[in-house]
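S.K.: mind folding the following:
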Amino acid sequence: MQPDLFGTPGPAAYVVPYAIAVNTLRKTLAHLSSASVWPLDPDMRVARLERTMPRLLAVLPPDEAEDWRGRIAAEAARLDAQPDPHRIPE
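M.R.: I've put the predicted structure just below:
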């Protein structure tokens, strides 16, 4: 049998502590709620909503994660309905 070419697995990937996840979700929701248009440019929007949010929600109990997901989705839908100040006119 061939030995493992990559050695033994290293330590587990960083897992966001629960308190930091909830605090970040609160700040993000407050930031979105207080805005009349998207406060993030499109690249940051993708980074925050599609990359960061899933990592934060993953550490929460399923029912709590679903609640946060719904609240943030509602704010995102509200902001999506507004004209995008970052859109370049054609």
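
S.K.: make it CA atoms for all contacts and neighbour counts henceforth
M.R.: Will do.

S.K.: so where's this structure shaky on pLDDT?
M.R.: Applying pLDDT under 70 to the chain flags the ranges 1-5, 9-12, 84-90.

S.K.: 80 instead, please
M.R.: Low-confidence segments of the chain (pLDDT under 80): 1-13, 83-90.

S.K.: does the residue most central in space within the chain sit in a helix or strand, and which one?
M.R.: In the chain, the C-alpha nearest the mean C-alpha coordinate belongs to Met53, at 1.9 Å (CA atoms, centre = their mean). Secondary-structure assignment from DSSP states H and E places Met53 in helix 53-57.

S.K.: what does the helix or strand just after that helix rub up against?
M.R.: Next helix or strand after helix 53-57 toward the C-terminus (DSSP H and E): helix 62-80. The contact list for helix 62-80, computed with CA atoms under 8 Å, 6 or more residues apart in numbering, reads Leu25, Leu29, Leu32, Ser33, Ala35, Ser36, Val37, Trp38, Leu57, Ala58.

S.K.: kindly report the same for stretch 38-57.
M.R.: Under CA under 8 Å, 6+ apart, the answer for stretch 38-57 is 15-16, 21-22, 25, 31-32, 65, 68-69, 79-80, 82, 84-86.

S.K.: show me which residues of stretch 38-58 are buried.
M.R.: Trp38, Pro39, Met53, Leu56, Leu57 (16 or more other CA atoms under 10 Å).

S.K.: just to revisit the earlier point, only the buried subset of the contacts of stretch 38-57, as a ChimeraX command please.
M.R.: Only the buried entries of these go into this ChimeraX selection, using 16+ other CA under 10 Å:
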select :21,22,25,32,65,68,69,79
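
S.K.: now do the contacts for Ser36.
M.R.: Contact analysis of Ser36 by CA under 8 Å, 6+ apart lists Leu79, Gln82.
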